[in-house]
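Undergrad: pasting the sequence and the predicted coordinates here, then a few questions.
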Amino acid sequence: MVKLAVNVITFLPSKNDPRTTSGLRGRRGGPKMFDIWVSNKMHFTEKFTVDFQYPEFLDYPDGVADCERYGVTRIPAYVVCHRQTEAVLGIRFFKENDSGSTVQDALGDILKQFAEPAHYATGSQKPTLDAKQLCLFSNRFCPHAERARLTLNIKKIPYEIVNINLTEKPEWYMAHHNPLGKVPTLHEPGKPQPVFESLIVAEYVDEHFPNEPKLLPKDEYEKARQKVAIEVITQKFINNLNAVGAKGDKEKVEELKKGLKEVEESLTGQYFAGDKMGFVDVMIWPWFERIAPVCEVRSVDLKMERDYPKLHAWMQKMLKEPAIADIVFPSEIMVPFIKSAYVDGKANYDIGL
């Protein structure tokens with residue numbers, strides 16, 4: 001069984017793939033080619049092997065380099081890395097005279113192997129954890145949990161995901177893992193107690209595991225400076241963005257715009273950490289990712305490229321980091337989620353699954 005946590009986004013005819021030949025696209029009665037796009041939303045850190053039982057699957061040698069990049073040992077597919085916001089696993093196959101829906105139905109069991117886990121809620125049964133595997137209790141859309149996922153991904157540390165419904169929290173989660181009922185919570189085999197609270201989890205992962213790169217500097221002053229920057233940016237920007245999402249009133253919008261201007265003025269290097277991405281950049285990123293969706297839902301006139309060019313340039317640099325790009329949700333999923341949470345009053349954590 002494959003433990004790679006991914007999310008099936010769309011099922012499309014391969015006409016959207018520029019490498020598809022026109023002969024295969026338009027020929028009636030002949031073989032039809034389809035692509036199943038499986039977008040990675042968690043991690044490509046573990047080496048894994050996938051064996052498909054369908055002879056229609058083909059190997060594509062042009063994907064070897066990308067597969068090696070993500071640690072894939074053997075899979076009849078290719079990884080497309082050129083998309084703007086996500087790495088995509090494209091599984092290509094031929095099927096004689098079948099419609100897309102029929103092919104999708106036929107591959108339902110295979111796609112389940114790649115399904116990102118739904119959220120455990122009130123009344124759910126406690127899952128059995130792998131005794132040898134690091135486990136992160138998370139939530140697909142929680143920016144605090146994203147801090148922990150990003151840190152693990154950047155350092156290429158294998159881990160298992162258990163998603164928690166933060167509106168209807170499972171009783172076993174609060175009783176056995178986190179009495180506060182929040183995420184992230186890190187369960188490490190051999191440790192008597194889990195570690196929770198996002199900044200604490202991220203710092204623990206960075207300092208406890210030897211994996212490179214190190215996000216926090218060794219210099220104590222620089223380490224303190226980055227933590228101070230996180231606190232300032234939280235007060236000036238993050239809290240205001242949360243308030244705009246929750247209420248959307250004009251006063252909060254103006255505070256958000258003012259706070260962003262002050263944050264932009266504090267960006268004096270390539271990154272908030274200095275010349276390269278560091279702890280502060282990773283810890284504040286999840287809320288910058290949510291600016292556009294929140295502004296769309298709340299009809300706020302705010303464009304990062306127009307209004308905050310330095311911050312926009314920083315965001316573009318961050319999106320070039322594979323661990324960041326892999327975890328960003330496309331707007332067609334994030335916007336409906338933001339609406340469900342802030343406007344409808346009931347967060348749909350399983351949207352898109």
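TA: Ah, there it is. Numbering: from 1, shown residues only.

Undergrad: could you use CA atoms for every contact and neighbour count after this?
TA: Noted.

Undergrad: which ones are touching residue 212?
TA: residue 155 (CA atoms under 8 Å, 6 or more residues apart in numbering).

Undergrad: tell me the pLDDT at residue 352?
TA: Looking at residue 352, its pLDDT stands at 83.

Undergrad: to clarify, my last question referred to residue 169.
TA: Note on residue 169: pLDDT of 97.

Undergrad: make sure it is actually in contact with residue 125.
TA: No - using CA atoms under 8 Å, residue 169 is not in contact with residue 125; the gap is 11.8 Å.

Undergrad: neighbour count winner among these two?
TA: residue 169 (18 against 12; other CA atoms under 10 Å).

Undergrad: quick check: the more buried one vs residue 275, distance?
TA: With distances taken as CA to CA, to the nearest Å, residue 169 is found 41 Å from residue 275.

Undergrad: which helix runs longest in this structure?
TA: helix 250-266 (DSSP state H).

Undergrad: give me the contacts around that helix.
TA: For helix 250-266, contacts defined as CA under 8 Å, 6+ apart pick out 233, 236-237, 240-241, 243-244, 272, 300, 302, 308, 310-311.

Undergrad: list just the nearest of these to residue 162.
TA: residue 241 (27.0 Å; CA to CA).

Undergrad: so the closest one sits against residue 293, correct?
TA: No - checked against CA under 8 Å, the pair residue 241 and residue 293 is beyond contact range at 10.9 Å.

Undergrad: between the two, which has more neighbouring residues?
TA: Per other CA under 10 Å, whichever of residue 241 and residue 293 has more neighbours is residue 241, with 26 against 23.

Undergrad: got phi/psi on that one?
TA: With angles defined as degrees, to the nearest 10, residue 241 sits at phi -60, psi -40.

Undergrad: determine which two of the contacts of helix 250-266 are furthest apart.
TA: Longest distance between any two of these is 25.8 Å, between 272 and 300; criterion CA to CA.

Undergrad: quick revisit: for the longest helix of the chain, give the mean pLDDT please.
TA: Mean pLDDT, computed over helix 250-266, is 96.

Undergrad: how about stretch 143-156?
TA: Mean predicted confidence for stretch 143-156 is 96.

Undergrad: which residues touch that stretch?
TA: With CA under 8 Å, 6+ apart, stretch 143-156 has contacts from 42-45, 136, 138-140, 158-159, 183-184, 198-199, 201-202, 205-206, 211-214, 282-283, 286-287, 323-324, 327.

Undergrad: for this structure, give me the ranges with low pLDDT.
TA: Applying pLDDT under 70 to the chain picks out residues 1-116.

Undergrad: any idea how it splits into domains?
TA: Domain assignment for the chain by automatic domain parsing gives 6-113, 135-208, 220-342.

Undergrad: now do the phi/psi pair for residue 232.
TA: Backbone torsions of residue 232, given as degrees, to the nearest 10, read phi -60, psi -50.

Undergrad: then residue 271?
TA: phi -130, psi 170.

Undergrad: against residue 342, how distant is the nearest residue to it once chain neighbours are set aside?
TA: Spatial nearest neighbour of residue 271, chain neighbours left out: residue 277 (5.8 Å); criterion: CA to CA, 6 or more residues apart in numbering. Relative to residue 342, residue 277 is positioned 31 Å away (CA to CA).

Undergrad: try residue 269
TA: As judged by CA to CA, residue 269 and residue 342 stand 34 Å apart.

Undergrad: now residue 199
TA: 25 Å.

Undergrad: what does the one helix or strand residue 163 maps to rub up against?
TA: According to DSSP states H and E, residue 163 maps onto strand 160-163. Under the contact criterion CA under 8 Å, 6+ apart, strand 160-163 has outside partners 3, 5, 117-120, 133-140.
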